[in-house]
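K.L.:
below is the structure, and that's it, no one-letter string:
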């Protein structure tokens, strides 16, 4: 087990005074058998009120409502977690799902159905044509091996870029330009899994990269696929690996654009474009 301190600072600097509308914050890691929260705090300016709730995916959501105008918005999150080591490959898939294709059990289909439906329905032909060109379904194929190969192909054959723009790049665009950010890679992986009939979902969180030095970390995105037996298993197509101890999930969603760390709006003079600064640090304690 390792204890980690996660610091996530978001700053919006406006050119003039604005009225801040409620902001939705997804900054608290998802607790489970591998992650436990020891302590957490939010440091937000200007004056505000906070309300917490759980959304439909059981993500922990904070909504900040502001009580005064401001020219600068600062949102600082600090969380201390216990992160338990989990062997990514230590799982057994149920016999009926070891080989692809398979069908989920009747009692699971209703719950999993939304995660099998593509978000970018009009782009399924492009996803289909790309997947078919990979020839991954020759002969008998194990389900995990199929997913692992797909994961590694995206990591190796596409160029990773840092995109500051909001939102997610549609799969067809990622396929056309052969590049994207982590959230674009995850989206392509998810939409391909859904084309195959496999339930999958988008995950946002943090990637702890100790080799970058003290505080080495980034916000990150990856995918999870529901495999009978182990349940939701994480695949990181940016690194071409199963998720493990360096991945810290914060939120999951069916739609890739549904879980940004900070989302909100403001009212102010026409033409206001705030300058955004984000700093993320994860430090071993």
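P.N.:
All right, it came through fine. Since the model is a prediction, treat every value here as computed from it, not as a measurement.
K.L.:
parallel or antiparallel, list what pairs with the longest strand along the chain.
P.N.:
In the chain, taking DSSP state E as the definition, the longest strand is strand 2-20. Strand pairing for strand 2-20, determined by DSSP bridges: strand 70-83 (antiparallel), strand 266-267 (antiparallel), strand 275-284 (antiparallel).
K.L.:
ok, which stretches of the stretch 101-250 of the chain are strands?
P.N.:
141-142, 159-160, 179-180, 200-208, 217-227, 231-236, 241-242, 247-253 (DSSP state E, counting those that start in this stretch).
K.L.:
now render these as TSV, adding mean neighbour count, distance to residue 10 and mean pLDDT.
P.N.:
C-beta here means a position set from N, CA and C on the backbone, and glycine is covered the same way. Shown next, in TSV, are the strands of the stretch 101-250 of the chain (neighbours: other C-beta atoms under 10 Å; distance: least, C-beta to C-beta, whole Å; pLDDT from 0 to 100):
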stretch	mean neighbour count	distance to residue 10	mean pLDDT
strand 141-142	14	42	96
strand 159-160	12	23	94
strand 179-180	20	23	95
strand 200-208	24	14	95
strand 217-227	22	10	92
strand 231-236	19	23	97
strand 241-242	19	28	95
strand 247-253	22	13	97
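K.L.:
for residue 38, which of those is the nearest?
P.N.:
strand 247-253 (13.6 Å; C-beta to C-beta).
K.L.:
what angle do the closest one and strand 2-20 make?
P.N.:
Orientation of strand 247-253 against strand 2-20 (axes from the mean of the first three to the mean of the last three C-alpha atoms, to 10 degrees) gives an angle of 40 degrees.
K.L.:
hang on, the earlier thing: which of the strands paired with strand 2-20 is buried the deepest?
P.N.:
strand 70-83 (a mean of 19; mean count of other C-beta atoms under 10 Å).
K.L.:
got the strands of the stretch 101-250 of the chain as JSON lines, with distance to residue 109 columns?
P.N.:
Compiled in JSON lines, these are given as follows (distance: least, C-beta to C-beta, whole Å):
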{"stretch": "strand 141-142", "distance to residue 109": "22"}
{"stretch": "strand 159-160", "distance to residue 109": "35"}
{"stretch": "strand 179-180", "distance to residue 109": "31"}
{"stretch": "strand 200-208", "distance to residue 109": "15"}
{"stretch": "strand 217-227", "distance to residue 109": "11"}
{"stretch": "strand 231-236", "distance to residue 109": "15"}
{"stretch": "strand 241-242", "distance to residue 109": "25"}
{"stretch": "strand 247-253", "distance to residue 109": "19"}
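K.L.:
which stretch among those comes nearest residue 15?
P.N.:
Of all the strands of the stretch 101-250 of the chain, strand 217-227 sits nearest to residue 15, with 25.7 Å by C-beta to C-beta.
K.L.:
what ranges do the helices span in the stretch 1-150 of the chain?
P.N.:
Here the stretch 1-150 of the chain has its helices, by DSSP state H, counting those that start in this stretch, at 106-112, 124-134, 143-157.
K.L.:
most tightly packed of the ones you listed?
P.N.:
Across the helices of the stretch 1-150 of the chain, the average number of neighbours (mean count of other C-beta under 10 Å) peaks for helix 143-157, which reaches a mean of 18.
K.L.:
for that one, packing partners?
P.N.:
Here helix 143-157 touches strand 99-100, helix 124-134, helix 182-195, strand 217-227, strand 231-236, strand 241-242, going by 3 or more C-beta pairs under 8 Å, 6 or more residues apart in numbering; DSSP states H and E.
K.L.:
of those, which is nearest residue 25?
P.N.:
Short answer: strand 217-227, nearest of the helices and strands packed on helix 143-157 by C-beta to C-beta, at 13.1 Å.
K.L.:
relative to the closest one, what are the paired strands and their orientations?
P.N.:
Next to strand 217-227 in the sheet, as set by DSSP bridges, lie strand 200-208 (antiparallel), strand 231-236 (antiparallel).
K.L.:
angle of that strand against helix 143-157?
P.N.:
150 degrees.
K.L.:
now strand 217-227, how far from the centre of its chain.
P.N.:
The chain centre lies 5 Å from the centre of strand 217-227; the measure is C-alpha atoms, centre = their mean, to the nearest Å.
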